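Colleague: fold the following and give me the result.
(one chain, ligands or ions: 4)
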Amino acid sequence: MRHRAVAASVIATFVTPVLAQNVALNKPVSIVAGAGSVLPPAAPPSVVTDGVFLNEITAYHEATAVAGSIRWNTGAAGSTTIEIQLGGLFTIDGIIVQADDNDALAVSYLGPDGTFLPLYNVPYVSVGFGFRTRPGPSHTTYANLTPVETTTIRVTNAGGDGYYGISELQLRGVAVSPPCDPDLNQDGNVDQDDVGYLINVVGGGDNPTGIDPDFNQDGNVDQDDVTAIINVVAGGECP
Ligand SMILES: [Ca+2]
Ligand SMILES: [Ca+2]
Ligand SMILES: [Ca+2]
Ligand SMILES: [Ca+2]
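Modeller: Numbering: from 1, shown residues only. Ligands and ions are numbered 1, 2, ... in the order given. Here you go, the predicted structure:
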């Protein structure tokens, strides 16, 4: 037990903070409402999460903006809605959006009750022209958010001159790990049968309960996972 405690404190030293990466990068983007308002020639929706910003103040009709953003024309707030599927549950605590300067956009997230809730209001930044990054011109400075857990983000128009465009959306966050569940065969007990179940799965056998055989979450499926479940069955901590 003492050894375990020492190991845990060493690990903690190397666990650095967490909410550092853009978890929207290369995630699938779709237009879920108002696709008919998108201006031709339409860029693929994936430009919103490709990690590439336009140069600041790239004009709305410039070729690089046409190729590197989704642009749409509508008079009514909420007419066109873009959705980003994160592919899992993430804690989000920061956002960067590059969009046309003289419009407001509303960013929302899918909440635990299945409805979309407000996450961030992308503000107007000028009456001039061109794509501008919020909260500031830096392409690495996130607007801080009250942390939320979500799988899905939406962006829609919330006021402006009718000509909207978004070229990049980045989210600072971290994946929410599923809680450790040592009842691998899901029979309601944590016992030797769970060890046997994992030995079989690690050995290439069937996995009818669909568990993640990387029980110790180190990226490999091997004997160490069997050792970890044996330890848990013996009363040790769930990894
Ligand atoms: Ca982009
Ligand atoms: Ca505009
Ligand atoms: Ca069990
Ligand atoms: Ca493992």
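
Colleague: does G36 count as helix, strand or coil?
Modeller: Assigned with DSSP: H, G, I helix; E, B strand; the rest coil, G36 falls in the helix class.

Colleague: tell me the bridge partners for V107.
Modeller: Counting by DSSP bridges, V107 forms beta bridges with Y120, V155.

Colleague: burial of it, as a residue count?
Modeller: Number of residues near V107 (other C-beta atoms under 10 Å) recorded here: 24. Just so you know, the C-beta spots here come from the backbone N, C-alpha and C atoms, and that holds for glycine as well.

Colleague: do the same with G88
Modeller: That count, for G88 with other C-beta under 10 Å as the rule, works out to 12.

Colleague: and the top strand by length along the chain, how far from the chain's centre?
Modeller: In the chain, ranked by residue count with DSSP state E as the criterion, the top strand is strand 81-100. In terms of C-alpha atoms, centre = their mean, to the nearest Å, the centre of strand 81-100 is set 6 Å apart from its chain centre.

Colleague: where along this protein do the helices fall?
Modeller: 2-14, 63-68, 192-202, 223-233 (DSSP state H).

Colleague: list the contacts for Q192?
Modeller: V233 (C-beta atoms under 8 Å, 6 or more residues apart in numbering).

Colleague: circling back: the helices of the chain: lowest mean pLDDT?
Modeller: Among these, helix 2-14 has the lowest mean pLDDT, at a mean of 45.

Colleague: do the longest strand of the chain and ligand 2 meet?
Modeller: Yes. Using C-beta under 5 Å from the ion, strand 81-100 reaches ligand 2 at D100.

Colleague: stretch 211-220 close to ligand 3?
Modeller: No. Applying C-beta under 5 Å from the ion, one finds stretch 211-220 separated from ligand 3 by no less than 10.4 Å.

Colleague: residue numbering should commence at 569 henceforth.
Modeller: Taking 569 as the first residue, the last one we looked at is stretch 779-788.
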